[in-house]
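**Q** requesting a structural model of the entry that follows:
(chains A, B, C and D)
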There are 4 protein chains.
Amino acid sequence: MSTKSEIIEFLHREFPQNTCLVEQVGNRSARIVQHISSDHLRPGQTVSGPVLMTVADVGIYIAILGTIGIVPLAVTTSLTINFLRKASADRPIVGECNLIKVGRTLIVGEAALYSRGDADMVAHAVATYSIPPQSRN
Amino acid sequence: MSTKSEIIEFLHREFPQNTCLVEQVGNRSARIVQHISSDHLRPGQTVSGPVLMTVADVGIYIAILGTIGIVPLAVTTSLTINFLRKASADRPIVGECNLIKVGRTLIVGEAALYSRGDADMVAHAVATYSIPPQSRN
Amino acid sequence: MSTKSEIIEFLHREFPQNTCLVEQVGNRSARIVQHISSDHLRPGQTVSGPVLMTVADVGIYIAILGTIGIVPLAVTTSLTINFLRKASADRPIVGECNLIKVGRTLIVGEAALYSRGDADMVAHAVATYSIPPQSRN
Amino acid sequence: MSTKSEIIEFLHREFPQNTCLVEQVGNRSARIVQHISSDHLRPGQTVSGPVLMTVADVGIYIAILGTIGIVPLAVTTSLTINFLRKASADRPIVGECNLIKVGRTLIVGEAALYSRGDADMVAHAVATYSIPPQSRN
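**A** Alright, predicted model coming up:
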């Protein structure tokens, strides 16, 4: 397992392009936040699909790091996202992520995305990650 | 239907953050290209998942624009991507996109992504788009 | 909204091949049970994938009937399932189903499947249903 | 690799409940057929979703058997299906299946389903299979 500050330091070093903030990391879970600027919007004044997919992918990856330790070479093998409602253009996106299977070589997690302060889910994702042999701490 | 140059002009105006290039647009198909820089990579020197998801989503959307005309408010309702192989860090990603259903309110498309010059698919995506009523040209 | 007994009667009449039992129907949720016989197994003495997909699809459909009333022509437009663990060959499969979006024309639901009495999820599905216009009671 | 008759014999022995017919097995591909009776229909006189999911899952599995040999313990780890059009109630379903990745531990395949004689796809599926170590022939 890794602490929140170890994960933040790792992301900063290895994923410098990441703009998601880590709010909470627990065993098999994580909550992350993406602040929204005009760069993240698309016509209709809503958050673009790729921004939401990125939050889901990064959030589940962080839940994995918090559960099995820093595994830089864990890779996403599949991701399914359903876009449910227009996300607010002027609120951060919050991703609540949980792992539903932690296997030796495959991990499956789920992300529920919200506009901060709104109870209705804006998108839901499920993703699978492959863990390379011998990479666990 | 829209021509390639109408689509390029529309993307430039409405999606200024888009960095994919439109190579070809046909009836029910499109080919797009994303040049890769260090910003698009992740540890292990491979193209990051969110970059590949973005190419798939944008490419299928462009195939829709080429098929039913410029519909700015068409929205992605779901996307499933399978990551198959490490994409090359030093070659552009090419997305070959085809629509497999063009309904009145729902369109389903498929994207096969490659590192340019390599015959093996690096990722495969299927996505569904909702077309708002009265939006067709 | 429909009651549990209205739904059971409807399934019996319209889906005579259905073998899932309805245990509970609430607003936006349902719990269903599939008893397992040798017909449902595959090599390795586990419940076959198609059986689990059927439970997920039927269970989310029942949650829809319980929420918006009997809509025989509601159709599944997509379903994604992740198989997480071997389901027990000698226990019923329980499907806990929840709707995560109830729109006017599209409904999205989630199913968590378990071997009865075991806390670990054996499969997780997300599915989308299209509701034909004028079909709501 | 296995021949078509070895695969038919294996399915008959290990999956006696299977009703799909194997029409063709090639390297990385298979074509299978499911005859349709009233048991396979749902209200609206169309082939039910679980029947189509079963054809997709079985067809991709057969393409795997034809490519890497008889591996009884290969298991589906995920499947995504999009239902595109009503399948005809009075024609067989044909599944055209192709593998898009054949890895050491994970195989990904795609299935295009048709009502026989009709050029429009009725459903499209992508599925992932896990191959247990040492199981390859």
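
**Q** contacts for the lowest-mean-pLDDT helix or strand in chain A, please.
**A** Across the helices and strands of chain A, mean confidence by mean pLDDT, DSSP states H and E is lowest for strand A:41-42: a mean of 86. Residues from elsewhere that reach strand A:41-42 (CB atoms under 8 Å, 6 or more residues apart in numbering or on different chains): A:47-49, A:89, B:14-15. (Each C-beta comes from the backbone N, C-alpha and C, glycine too.)

**Q** and the residue lying closest to residue A:122 once chain neighbours are set aside, what is it in contact with?
**A** Distance criterion CB to CB, 6 or more residues apart in numbering or on different chains; nearest residue to residue A:122, sequence neighbours excluded, is residue A:87 at 4.2 Å. Applying CB under 8 Å, 6+ apart, we find residue A:87 in contact with A:36, A:46-47, A:52, A:93, A:113, A:115, A:122-123.

**Q** of those, which belong to helices?
**A** residue A:52 (DSSP state H).

**Q** so what are the sheet partners of the least confident helix or strand of chain A and their directions?
**A** In its sheet, strand A:41-42 lies beside strand A:46-47 (antiparallel), with partners assigned from DSSP bridges.

**Q** tell me where chain A has strands.
**A** A:21-26, A:29-34, A:41-42, A:46-47, A:75-83, A:93-102, A:106-115, A:121-130 (DSSP state E).

**Q** residues of the fifth one that come out buried?
**A** Which is strand A:75-83. Within strand A:75-83, the residues that count as buried by 16 or more other CB atoms under 10 Å in any protein chain shown are A:75-83.

**Q** also the first one?
**A** Within strand A:21-26, the residues scored as buried using 16+ other CB under 10 Å are A:22, A:25.

**Q** CA atoms only for that strand, dumped as PDB, please.
**A** Output of strand A:21-26 as PDB, limited to C-alpha atoms (Å, rounded to 0.1, in the frame of the first residue of the first chain):
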ATOM      1  CA  LEU A  21      -5.900  16.300  -7.600                       C
ATOM      2  CA  VAL A  22      -5.900  13.400  -5.200                       C
ATOM      3  CA  GLU A  23      -8.300  14.100  -2.300                       C
ATOM      4  CA  GLN A  24      -8.500  10.800  -0.600                       C
ATOM      5  CA  VAL A  25      -6.900   7.300  -0.900                       C
ATOM      6  CA  GLY A  26      -8.100   4.400   1.100                       C
END
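
**Q** next, the angle from that strand to strand A:93-102.
**A** 30 degrees (axes from the mean of the first three to the mean of the last three CA atoms, to 10 degrees).

**Q** strand A:21-26 - contacts with which helices or strands?
**A** Packing partners of strand A:21-26 (3 or more CB pairs under 8 Å, 6 or more residues apart in numbering or on different chains; DSSP states H and E): helix A:4-14, strand A:29-34, helix A:49-68.

**Q** any idea which of these is most buried?
**A** Counting by mean count of other CB atoms under 10 Å in any protein chain shown, helix A:49-68 has the highest mean neighbour count of the helices and strands packed on strand A:21-26, with a mean of 26.

**Q** quick one: average pLDDT of that one?
**A** For helix A:49-68, the mean per-residue pLDDT is 96.

**Q** ok now that helix, how far from the chain's centre?
**A** 2 Å (CA atoms, centre = their mean, to the nearest Å).

**Q** and the residue nearest the centre of chain A, how far is that from residue B:81?
**A** The residue lying closest to the centre of chain A (CA atoms, centre = their mean) is residue A:59, at 1.6 Å. Per CB to CB, to the nearest Å, residue A:59 is found 16 Å from residue B:81.

**Q** same check, this time on residue A:113
**A** 17 Å.

**Q** pretty sure residue A:44 sits against residue A:86.
**A** Yes - look at residue A:44 against residue A:86 with CB atoms under 8 Å: they come within range, at 7.0 Å.

**Q** so, low pLDDT: which residues of chain A?
**A** For chain A, applying pLDDT under 70 flags the ranges A:134-137.

**Q** so which residues on it come close to chain C?
**A** Listed as neighbours of chain C in chain A under the rule CB under 8 Å from any CB of the partner chain: A:80, A:82, A:84-85, A:100-101, A:108, A:110, A:121, A:124, A:126, A:128.

**Q** just the buried ones from these?
**A** So, by 16+ other CB under 10 Å, the buried ones in these are A:80, A:82, A:84, A:100-101, A:108, A:110, A:121, A:124, A:126, A:128.

**Q** tell me the two of these that are most distant?
**A** Maximum pairwise distance among those (CB to CB): 23.3 Å, between A:84 and A:101.

**Q** so what's residue A:34 up against?
**A** A:19-21, A:40, A:51, A:54-55, A:92-93, A:95.

**Q** next one: it from chain D, what distance?
**A** Distance of residue A:34 to chain D, given as CB to the nearest CB, to the nearest Å: 25 Å.

**Q** same check on residue A:90?
**A** 33 Å.

**Q** that residue: what's it in contact with?
**A** Counted by CB under 8 Å, 6+ apart, residue A:90 has contacts residue A:36.

**Q** surely residue A:1 touches residue A:66?
**A** Yes - Residue A:1 lies in contact with residue A:66 (CB under 8 Å); the separation is 6.4 Å.

**Q** which bits of chain A sit near chain D?
**A** A:77-78, A:80, A:105-106, A:128, A:130.

**Q** nearest residue to residue A:96 other than its sequence neighbours?
**A** Using CB to CB, 6+ apart, the nearest residue to residue A:96 is residue A:112, at 4.7 Å.

**Q** who does the one you found form a beta bridge with?
**A** Beta-bridge partners, per DSSP bridges, of residue A:112: residue A:96, residue A:124.

**Q** dump stretch A:43-52 to PDB, restricted to CA.
**A** Output of stretch A:43-52 as PDB, limited to C-alpha atoms (Å, rounded to 0.1, in the frame of the first residue of the first chain):
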ATOM      1  CA  PRO A  43     -20.100  22.900 -27.600                       C
ATOM      2  CA  GLY A  44     -23.200  23.000 -25.300                       C
ATOM      3  CA  GLN A  45     -21.000  24.200 -22.400                       C
ATOM      4  CA  THR A  46     -20.400  20.800 -20.900                       C
ATOM      5  CA  VAL A  47     -17.300  19.000 -19.900                       C
ATOM      6  CA  SER A  48     -15.900  17.000 -22.800                       C
ATOM      7  CA  GLY A  49     -16.000  13.200 -22.900                       C
ATOM      8  CA  PRO A  50     -12.200  12.800 -23.000                       C
ATOM      9  CA  VAL A  51     -11.900  14.800 -19.800                       C
ATOM     10  CA  LEU A  52     -14.300  12.500 -18.000                       C
END
